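> kindly generate the corresponding structure for this input.
(chains A and B)
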Number of protein chains: 2
Amino acid sequence: MFKLKNEDNGGAGARTGVLSTKMGDIETPVFMPVGTAGAVKGVTEEVLNSIGASIILGNTYHLFLRPGMEVIKKAGSLHKFISWKKPILTDSGGFQIFSLQGNSKVEEKGVEFKSHLDGSKFFLTPESVVDIQNILDSDIQMVLDNFAPNPSSHKEDKFALDITTLWARRARERFLEVGKRENMQFGIIQGGLNEDMRSESLEKLTRIGFDGYAVGGLSVGESREDFLRIISHIVPAMDPQKPHYLMGSGTPEEILFAVEKGIDMFDCVMPTRNARNGSLFTWSGKVSIKNEKHKLDLSPLDKDCGCYTCKNFSRAYLRHLYISREINSSILNSIHNLRFYLDFMQKIRYSIDSDKFLEFRDKFLFKYNKGE
Amino acid sequence: MFKLKNEDNGGAGARTGVLSTKMGDIETPVFMPVGTAGAVKGVTEEVLNSIGASIILGNTYHLFLRPGMEVIKKAGSLHKFISWKKPILTDSGGFQIFSLQGNSKVEEKGVEFKSHLDGSKFFLTPESVVDIQNILDSDIQMVLDNFAPNPSSHKEDKFALDITTLWARRARERFLEVGKRENMQFGIIQGGLNEDMRSESLEKLTRIGFDGYAVGGLSVGESREDFLRIISHIVPAMDPQKPHYLMGSGTPEEILFAVEKGIDMFDCVMPTRNARNGSLFTWSGKVSIKNEKHKLDLSPLDKDCGCYTCKNFSRAYLRHLYISREINSSILNSIHNLRFYLDFMQKIRYSIDSDKFLEFRDKFLFKYNKGE
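Alright, predicted model coming up:
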């Protein structure tokens, strides 16, 4: 169940809300740390709880391959298997159809995958993806979708859109037939960079009727202009009473833009992946920790951050760990980057509740872009 | 300052004590987690504190090369640089002379190293190692020593022994001249697998006079018999009022054996390195977590362990993380293995204080060797 809390009256479409699930409430707009294979890289569930994560992401395709459904079934749910006592959203495998191009074959019935682990072939259908997510017992379940690689022809986009719509209908039927009613299922809007197709996709999904709607097929290499154009076009057209999820985005700037248009949910590997590559987010802009200039810098990474890393360690030490390829570099950097994202969302929510989102956005961007 | 607490009256040489340093007291026998480059791999200082670590190890050679002394000097100490508020023991670089064979050249004056990082050459002397450790401000500082690779000739052993003695004298002089009096300096007994040489080494070091004595040059590929023979020979001959440190050992069995002979301090990369390789210590023996038999096993790794990993996760999940090469595998496994070692030492101390060390040893080994 989704309940709107406040719509920013300062002229923007930004809104706060509460998404209630069987595993707890989620304050939106929310950022969901990505735990593809049942683990958010570099941080334990204890750390995730301490930095304020309210929901994490898992991936149906990856979890289906490994560890497989037998052990999840035995454990009772993905939550129990990974010891995470809060909500989980599971992506469907749609993104893997895209990212494993050449190792997947889409047809009307479903999609044939060659496992990225051992090359073995298997077949996923919109229905089987629902069944798998039922075993995972994920609180929010994404339908199997399809989208064309960018750049794509009108024909490719149309094919992907039609498949997505067809699959969405079948997935919804299956969910209503066998899914647990306490869980939610979200439809995924496709249509590439074509506004008409995006509208068509949204319209058809809305007619099927989902518990929430996601914008898929973005943040996959399109230009910034195209990203902004599609978000601006489609989000304001989405049912305002339902949660809006932008899949796989993004940078702080992208998140601000999407929140302004009315997006409620985000996920992205950026904070954790960048952390492992020594690229760190701060309230004064991005920091490349390997940079020579940090060598003797005993100040914290971000004096405005209250995370474990910033409260205890210096830039010089973080640089040393990174240069020395110590595993603790990934750990400390991941704690910080995730905390930054979660604090960022918290401040966004607060600004919306105070009807000051645009002011927050401008202040944030000024400091963030100015750098140190 | 070292104060003996209890000598087990059950016939064994095992003893408990308290080693007091400027950064706090250390209950012995103690296991010191290894943080070669200023980080115990896979665990933060917060975790180290929570599992009961009372002292950690750093390595002078590694820290001298990277991050270098400039930043440590600026930070004030190694403790401050790495945010560790308890004692630190620093190894000297003697082991690196051994392990970087071909990249080091020993002469009377000192040792020429070729950096394992960039091949650059530099020269360490017993005196400069003291100076470096003064900058690190380590609470317990090991002298620069030398030992021959195993197997070695009598002549090689004798050369290494003489160098070690010569260097020890010069190191002690330097330490008394420039070292901070609140820190301690330990001598290192060498002499290979030759009992007479070991005795000679101990005698000469004792005449120089150190705050503690270490047995070096073991756990480097010698047979178990040789290891046990040298320990049995030399440890009972060491000044009972001074702390006895066995460098670089060992397995739980080796620790039990050495404690029985009167060793007070241990360090070893085994718990953390094995953790990263999926080899886990439990009270019922070693467990290879990648083993197929754990695939559906939802029980904890060790039901007798109270660590974060065992209290929250199953063998099946730990196996999944290991097989999936998730960084969280190293994190959770390291927490467990270190906690196992620290709990093990705590139980050893308790058994000695109760004059029941041999009983504890036998019970432990029975269960540990029986396996699951």
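
> can we go C-alpha only for contacts and neighbour counts from here?
Noted.

> residues from chain A in reach of chain B?
Residues of chain A that fall close to chain B, judged by Cα under 8 Å from any Cα of the partner chain: A:37, A:39-44, A:66-67, A:70-71, A:74-75, A:81-83, A:295-296, A:298, A:312-314, A:316-317, A:320-321, A:324, A:326-328, A:331.

> can you rerun that using 7 Å?
Contact residues (Cα under 7 Å from any Cα of the partner chain) of chain A with chain B: A:41-43, A:67, A:71, A:75, A:81-83, A:296, A:298, A:312-313, A:317, A:320, A:326-328.

> please save the CA atoms from stretch A:315-332 in CSV.
What follows is stretch A:315-332, C-alpha atoms only, in CSV (Å, rounded to 0.1, in the frame of the first residue of the first chain):
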residue,chain,number,x,y,z
ARG,A,315,41.6,10.8,3.6
ALA,A,316,45.3,9.9,3.9
TYR,A,317,44.4,6.5,5.5
LEU,A,318,41.6,5.9,3.0
ARG,A,319,44.1,6.6,0.2
HIS,A,320,46.6,4.3,1.7
LEU,A,321,44.1,1.5,1.9
TYR,A,322,43.0,2.0,-1.7
ILE,A,323,46.6,2.2,-3.0
SER,A,324,47.5,-0.9,-1.0
ARG,A,325,44.5,-2.7,-2.4
GLU,A,326,43.3,-3.6,1.1
ILE,A,327,39.9,-5.1,1.3
ASN,A,328,39.2,-2.6,4.1
SER,A,329,39.3,0.1,1.4
SER,A,330,36.1,-1.3,-0.2
ILE,A,331,34.5,-1.8,3.1
LEU,A,332,35.1,1.8,4.5
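
> so which bits of that stretch are buried?
Buried residues in stretch A:315-332, counted by 16 or more other Cα atoms under 10 Å in any protein chain shown: A:315-324, A:326-332.

> from these, which land in strands?
Among those, no member falls in strands (criterion: DSSP state E).

> out of those residues, which are inside helices?
For those, membership in helices holds for A:315-323, A:327-332, with DSSP state H as the criterion.

> shaky segments in the stretch 51-200 of chain A?
Along the stretch 51-200 of chain A, no part satisfies pLDDT under 70.

> tally of neighbours for the residue lying closest to residue A:120 once chain neighbours are set aside?
Sequence neighbours aside, residue A:114 is the residue nearest to residue A:120 in space, at 5.4 Å (criterion: Cα to Cα, 6 or more residues apart in numbering or on different chains). Counted with other Cα atoms under 10 Å in any protein chain shown, residues neighbouring residue A:114 total 17.

> equivalent analysis for the one 10 residues further on, please.
The local packing count at residue A:124 equals 19, with neighbours defined by other Cα under 10 Å.

> so it touches residue A:110, yeah?
Yes - Residue A:124 lies in contact with residue A:110 (Cα atoms under 7 Å); the separation is 5.7 Å.

> can you name the residue of the stretch 101-250 of chain A nearest chain B?
Using Cα to the nearest Cα, the single residue of the stretch 101-250 of chain A nearest to chain B is residue A:117, 9.6 Å away.

> need the contact list for the residue of the stretch 151-300 of chain A found nearest chain B.
Nearest residue of the stretch 151-300 of chain A to chain B: residue A:296, at 5.3 Å (Cα to the nearest Cα). Residue A:296 makes contact with A:316, B:71, according to Cα atoms under 7 Å, 6 or more residues apart in numbering or on different chains.

> next one: it from residue A:318, what distance?
Computed as Cα to Cα, to the nearest Å, the residue A:296 to residue A:318 distance reads 11 Å.

> still on that earlier bit, give me phi/psi at the residue nearest to residue A:120?
Main-chain dihedrals, residue A:114, degrees, to the nearest 10: phi -100, psi 120.

> and it, what are its bridge partners?
Under the criterion DSSP bridges, residue A:114 forms beta bridges with residue A:121.

> helices along the stretch 201-350 of chain A, start to end?
With helices called from DSSP state H, counting those that start in this stretch, the stretch 201-350 of chain A shows them at A:224-234, A:252-261, A:270-276, A:308-312, A:315-323, A:327-353.

> and the second one, C-alpha only, in PDB?
To tie it back to what came earlier, the one meant is helix A:252-261. Extracted in PDB, the C-alpha atoms of helix A:252-261 (Å, rounded to 0.1, in the frame of the first residue of the first chain):
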ATOM      1  CA  PRO A 252      22.800  12.600  -7.300                       C
ATOM      2  CA  GLU A 253      21.900  15.100 -10.100                       C
ATOM      3  CA  GLU A 254      19.700  12.500 -11.900                       C
ATOM      4  CA  ILE A 255      18.000  11.600  -8.700                       C
ATOM      5  CA  LEU A 256      17.200  15.300  -8.000                       C
ATOM      6  CA  PHE A 257      15.800  15.700 -11.500                       C
ATOM      7  CA  ALA A 258      13.700  12.600 -11.200                       C
ATOM      8  CA  VAL A 259      12.400  13.400  -7.800                       C
ATOM      9  CA  GLU A 260      11.300  16.800  -9.100                       C
ATOM     10  CA  LYS A 261       9.300  15.000 -11.800                       C
END
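
> pretty sure residue A:276 is touching residue A:328, no?
No - with contact defined as Cα under 7 Å, residue A:276 does not count as touching residue A:328 (9.9 Å).

> buried ones in stretch A:173-181?
A:173, A:174, A:175, A:179.

> what's in contact with that stretch?
So stretch A:173-181 is contacted by A:127, A:130, A:134 (Cα under 7 Å, 6+ apart).

> again, but for stretch A:3-22
A:1-2, A:25-29, A:87, A:139, A:182-183, A:259-262, A:349, A:352-353, A:355-357.

> which of those residues fall in strands?
Using DSSP E, the contacts of stretch A:3-22 in strands are A:2, A:25, A:26, A:27, A:28.

> tell me the SS of the residue of the stretch 101-250 of chain A closest to chain B?
State at residue A:117, reduced to three classes by DSSP: H, G, I helix; E, B strand; the rest coil: coil.

> other residues contacting stretch A:261-274?
Counting by Cα under 7 Å, 6+ apart, A:13-15, A:28-34, A:41, A:232, A:235-236, A:243-250, A:280, A:334, A:337-338 sit against stretch A:261-274.

> now the buried members of these.
A:13-15, A:28-34, A:41, A:232, A:235, A:243-250, A:280, A:334, A:337-338.

> looks to me like residue A:187 is in a strand.
Yes - assignment of residue A:187 by three-state DSSP places it within a strand.

> point me to the residue of the stretch 51-200 of chain A nearest chain B.
For the stretch 51-200 of chain A, Cα to the nearest Cα, closest residue to chain B: residue A:71, 5.3 Å.

> excluding chain neighbours, what is closest to that residue?
With sequence-adjacent residues excluded and distances taken as Cα to Cα, 6+ apart, residue A:71 is closest to residue B:296, at 5.3 Å.

> so for stretch A:160-176, what gets flagged as buried?
Quick answer for stretch A:160-176 (16+ other Cα under 10 Å): A:160-175.

> contact partners for residue A:31?
Applying Cα under 7 Å, 6+ apart, we find residue A:31 in contact with A:265, A:266, A:267, A:342, A:345.

> go on, residue A:338?
A:271, A:272.

> separation between it and chain B?
Separation of residue A:338 from chain B (Cα to the nearest Cα, to the nearest Å) stands at 15 Å.

> rewinding a little: select from the ones in strands among the contacts of stretch A:3-22 the one having the most neighbours.
Within the ones in strands among the contacts of stretch A:3-22, most neighbours by other Cα under 10 Å means residue A:28, with 27 neighbours.

> that older thread, want to throw the helices of the stretch 201-350 of chain A into JSON lines with mean pLDDT?
Formatted as JSON lines, the helices of the stretch 201-350 of chain A follow (pLDDT from 0 to 100):
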{"stretch": "helix A:224-234", "mean pLDDT": "97"}
{"stretch": "helix A:252-261", "mean pLDDT": "98"}
{"stretch": "helix A:270-276", "mean pLDDT": "98"}
{"stretch": "helix A:308-312", "mean pLDDT": "98"}
{"stretch": "helix A:315-323", "mean pLDDT": "98"}
{"stretch": "helix A:327-353", "mean pLDDT": "98"}
